[in-house]
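Q: requesting a structural model of the entry that follows:
(chains A and B)
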Number of protein chains: 2
Amino acid sequence: MIRAEVIVTLKDGILDPEGKTITGALGGVGIEGIKEIGTGKYFHIQLSTNNLEKARSSTEAVCEKLLSNPVIEKYTYKIIEE
Amino acid sequence: MIRAEVIVTLKDGILDPEGKTITGALGGVGIEGIKEIGTGKYFHIQLSTNNLEKARSSTEAVCEKLLSNPVIEKYTYKIIEE
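A: Model prediction:
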């Protein structure tokens, strides 16, 4: 069985208001030792193919067409064989 | 410098409507070879401490207090020294 894990984050220079809000809230809940928090999205994908090449191309297709907005976001993924 | 990466996902049995919607949209954009997609959140944390133990406890504290809802979500994290 093949699965994939995808992480989508904002490109460098794109504002991350959610991350800024969380970073600003740290003091209020008494957490020290953290300088900055940035946010992103995570997806786990269950592939229905056993072909590693097909798994890779399906994962890249879904990243580009559904999971990320290529104007402001970038993605990384890893394929896991189990 | 120490940083951390956190992944927050829904606990087993909790409905993932966003994942279901993305999975249902696969056919419409012509993507084959994917059985199911599940969603989660990703956070990257810049620590301001160089103490590994403190980094770990700050990361766990922020996961529990701000980044996840312990009723429906679970988290994993890894600490990265650079």
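Q: return the set of buried residues in the longest helix along chain A.
A: Longest helix in chain A, counting residues (DSSP state H): helix A:52-62. Counting neighbours by 16 or more other CB atoms under 10 Å in any protein chain shown, one finds that the buried residues in helix A:52-62 are A:A55, A:R56, A:S58, A:T59, A:A61, A:V62. C-beta coordinates here come from the backbone N, C-alpha and C atoms, glycine included.
Q: what does stretch A:23-31 give?
A: A:T23, A:L26, A:I31.
Q: what does it contact?
A: Here stretch A:23-31 makes contact (CB atoms under 8 Å, 6 or more residues apart in numbering or on different chains) with A:E32, A:I34, A:E36, A:I37, B:S58, B:A61, B:V62, B:K65, B:L66.
Q: other SSEs contacting whichever strand or helix holds the third one?
A: Counting by DSSP states H and E, the secondary-structure element that holds A:E36 is strand A:34-47. When contacts are defined as 3 or more CB pairs under 8 Å, 6 or more residues apart in numbering or on different chains; DSSP states H and E, strand A:34-47 sits against strand A:2-10, helix A:17-25, helix A:52-62, strand B:2-10, strand B:34-47, helix B:52-62.
Q: among those, which is nearest B:K78?
A: strand B:2-10 (5.5 Å; CB to CB).
Q: can you give the strand pairings for that closest one, parallel or anti for each?
A: Sheet pairing for strand B:2-10, assigned by DSSP bridges, gives strand B:34-47 (antiparallel), strand B:73-81 (antiparallel).
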